[in-house]
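Asker: Structure for the following, please:
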Amino acid sequence: MIIFYFLLFVFSCIIFYFSGEMVVKSLFKIAKYFGWKEFALSFIVMAFVASFPNLFIGISSALHGIPELSLGDVIGGNLVDLTLSIGLAAMFAKKGIPAKSRTVQTTLTFTVIAVALPLILIYDHVLSRIDGIILISFFFVYVYWLFSKKERFSKTCEEENNSLSPTKKFKSSFSGMIKIVFAIILFIIASEGIVRSAKYFAEAFNWPVILIGLFVLGLGNCIPEIFFAIKAARQNYGWMALGNLMGAVVAPATLVLGIVALISPIHINGFDQITLARFFTFIVLFFFFIFIRNDQKITKREAVFLLLIYILFIISAIFVEVN
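Answerer: Presented below is the predicted three-dimensional model:
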């Protein structure tokens, strides 16, 4: 039985990975068809791509009565994205990751608030349905702001767009939509497998469900973002890596947790790994904000510092669990 659920978990994660790849390519085709600007394109694409696994795991976990699995998944994923993902991307970039544009600087503020908001709302040990409405509202406020001015998203990859005829561009975007629908079906199936296996391991080994979400799912769901960010940074598209990672943390922290809380309020009792993760998340947010605001980029030295914070978090989490 253990082997079955282990294989189910691994197979479901593999489906998530390849489905995410399919969605990334398809959404880029659709976004380019509408002519979105690079930063907005990478932010919106990764906001939806990154939130798909979180969303379906969240909905499934809420329906199974263990919404705390989703909370651990999102918080753990945000920690990974703001430390490992951004740190590795900056290490592979030639001159760090630039963040000079006004759109990026304002998005930075939205990102910090988005990540901190659920951690503040759950201070009373419950993420209620009202909290869920607040989180969802914040997400759409940011999306409205991002698209409120045409210049923020209207210019992108003109040469590539002009090289294709209107008919071919439409067919490309339409095929992308079909692939996204297929990928969503796979996401639903895989999320059910992950939640069922996580629930089994929690009961079999007496592990807190939230712990599985925090470390296993949180890291696993960030693999596509990590590869995307590194690839973008190596090709000197640091702004795209930054848009990718900001989108990958904003949507799950607001839209996904908001939907999960609406379905099933999340209750947290006593001192646990979430308390520790919340502490480290605030530390990471502080330095992430300072680095981008002051230097207007993430340097290699700052990247090493962010990586060390994540390592310290893992060591502290092991120490707390052992004791």
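
Asker: List the buried residues for stretch 115-126?
Answerer: Residues of stretch 115-126 classed as buried by neighbour count (16 or more other Cβ atoms under 10 Å): 115-119, 121-122. For glycine as for every other residue, the C-beta is placed from the backbone atoms N, C-alpha and C.

Asker: now, which of these lie within helices?
Answerer: 115-119, 121 (DSSP state H).

Asker: now those as a markdown table including pLDDT and distance to S264?
Answerer: Formatted as a markdown table, those follow (pLDDT from 0 to 100; distance: Cβ to Cβ, whole Å):
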| residue | pLDDT | distance to S264 |
| --- | --- | --- |
| V115 | 93 | 22 |
| A116 | 94 | 23 |
| L117 | 95 | 19 |
| P118 | 93 | 15 |
| L119 | 91 | 19 |
| L121 | 93 | 15 |
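
Asker: Of those, which is the nearest to I298?
Answerer: V115 (16.2 Å; Cβ to Cβ).

Asker: wait, isn't the closest one in contact with V249?
Answerer: Yes - V115 lies in contact with V249 (Cβ atoms under 8 Å); the separation is 5.6 Å.

Asker: Burial check on G96, number of neighbours?
Answerer: 21 (other Cβ atoms under 10 Å).

Asker: And it, how close does it get to L306?
Answerer: Distance of G96 to L306, given as Cβ to Cβ, to the nearest Å: 12 Å.

Asker: thinking again about what came up before, any shared contact partners between V115 and V249?
Answerer: 78, 82 (Cβ atoms under 8 Å, 6 or more residues apart in numbering).

Asker: Which parts of the stretch 201-323 of the chain are strands?
Answerer: In the stretch 201-323 of the chain, the strands defined using DSSP state E, counting those that start in this stretch lie at 266-267, 297-298.

Asker: What of the stretch 1-150 of the chain?
Answerer: Ranges of strands in the stretch 1-150 of the chain, per DSSP E, counting those that start in this stretch, are 97-98, 126-127.

Asker: For the first one, the averaged confidence score.
Answerer: When pLDDT is averaged over strand 97-98, the result is 80.

Asker: what residues does it touch?
Answerer: Residues contacting strand 97-98 (Cβ under 8 Å, 6+ apart): 86, 89-90, 233, 238-239, 241-242, 296-298.

Asker: so what's the closest residue to L307 other than its chain neighbours up against?
Answerer: With Cβ to Cβ, 6 or more residues apart in numbering as the criterion, L307 has its nearest non-adjacent residue at 4.2 Å, and that residue is G87. Applying Cβ under 8 Å, 6+ apart, we find G87 in contact with 298, 303-304, 306-307, 310.

Asker: before we move on, what about S61?
Answerer: 67-70, 195, 198, 209, 213, 260.

Asker: what residue ranges in the stretch 101-250 of the chain score low on pLDDT?
Answerer: 149-166, 168-170, 173, 210, 219-221, 223-224, 228, 232, 235, 237-240 (pLDDT under 70).

Asker: Could you report the neighbour count for the residue nearest to L255 when sequence neighbours are not counted?
Answerer: Nearest residue to L255, sequence neighbours excluded (Cβ to Cβ, 6+ apart): F139, at 4.4 Å. When neighbours are counted by other Cβ under 10 Å, F139 registers 24.

Asker: For F139, give its distance to A116.
Answerer: In terms of Cβ to Cβ, F139 sits 14 Å off from A116.

Asker: List the contacts of the nearest residue to S316 once chain neighbours are set aside.
Answerer: Spatial nearest neighbour of S316, excluding adjacent residues (Cβ to Cβ, 6+ apart): L276 at 6.1 Å. If you count contacts by Cβ under 8 Å, 6+ apart, L276 has them with 313, 316-317, 320.

Asker: Which residue in those residues has the weakest pLDDT?
Answerer: Within the contacts of L276, pLDDT is lowest for V320, at 72.

Asker: What's the separation between that one and R278?
Answerer: 13 Å.

Asker: for L262, same thing?
Answerer: The value you get for L262 to R278, if Cβ to Cβ is used, is 22 Å.

Asker: Between those two, tell me which one has more neighbours.
Answerer: Per other Cβ under 10 Å, whichever of L262 and R278 has more neighbours is R278, with 20 against 17.

Asker: Isn't L217 up against I194?
Answerer: Yes - L217 is within contact range of I194, at 7.0 Å (criterion: Cβ under 8 Å).

Asker: These two: which has the busier surroundings?
Answerer: With neighbours defined as other Cβ under 10 Å, L217 and I194 compare such that I194 has more, 31 against 27.

Asker: For that one, grab phi and psi.
Answerer: For I194, the backbone dihedrals (degrees, to the nearest 10) come out as phi -70, psi -40.

Asker: Identify the residues contacting it.
Answerer: Residues near I194 by Cβ under 8 Å, 6+ apart: 9, 12-13, 16, 57, 60, 217.
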